[in-house]
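K.L.:
Here's my sequence, what's the structure:
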Amino acid sequence: MAYTPELNQKYSCTLRRIAWNFGVPMTVAIKMILDHAAKSIESAEVCAKCRDKTRCHECVFSRRI
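P.N.:
Predicted coordinates:
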């Protein structure tokens, strides 16, 4: 992973509780959350604002256009 943002206490606790709810590790829960969030965002808008066109082949947004 190229960049790992740190979570403050509030968001770490939130992620932990979401993970507990689904019975999965936090690493899996955050992937689930991102997959869910990506479905509600317009792909064309994301692609238009993207600053790294070298990763389109693995991006969930470019595969939906």
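
K.L.:
Now do the strands in the protein.
P.N.:
With DSSP state E, there are no strands along the chain.

K.L.:
Which parts of it are helices?
P.N.:
Taking DSSP state H as the criterion, the chain carries its helices at 9-22, 26-39, 43-49.

K.L.:
got the CA positions of the last one in PDB?
P.N.:
Spelled out, it's helix 43-49. The C-alpha trace of helix 43-49 is given here as PDB (Å, rounded to 0.1, in the frame of the first residue of the first chain):
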ATOM      1  CA  SER A  43     -17.700   7.500 -11.700                       C
ATOM      2  CA  ALA A  44     -17.400  10.100 -14.500                       C
ATOM      3  CA  GLU A  45     -16.900  12.900 -11.900                       C
ATOM      4  CA  VAL A  46     -14.200  10.900 -10.100                       C
ATOM      5  CA  CYS A  47     -12.400  10.200 -13.300                       C
ATOM      6  CA  ALA A  48     -12.600  13.800 -14.400                       C
ATOM      7  CA  LYS A  49     -10.900  14.900 -11.200                       C
END
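
K.L.:
let's have the chain start at 42 instead
P.N.:
Fine by me, first position is 42 from now on; the one you just mentioned is helix 84-90.

K.L.:
buried sites along it?
P.N.:
Residues of helix 84-90 classed as buried under the neighbour-count rule (16 or more other C-beta atoms under 10 Å) are Ser84, Val87. Any C-beta I mention is one placed from the backbone N, CA and C, and that applies to glycine too.
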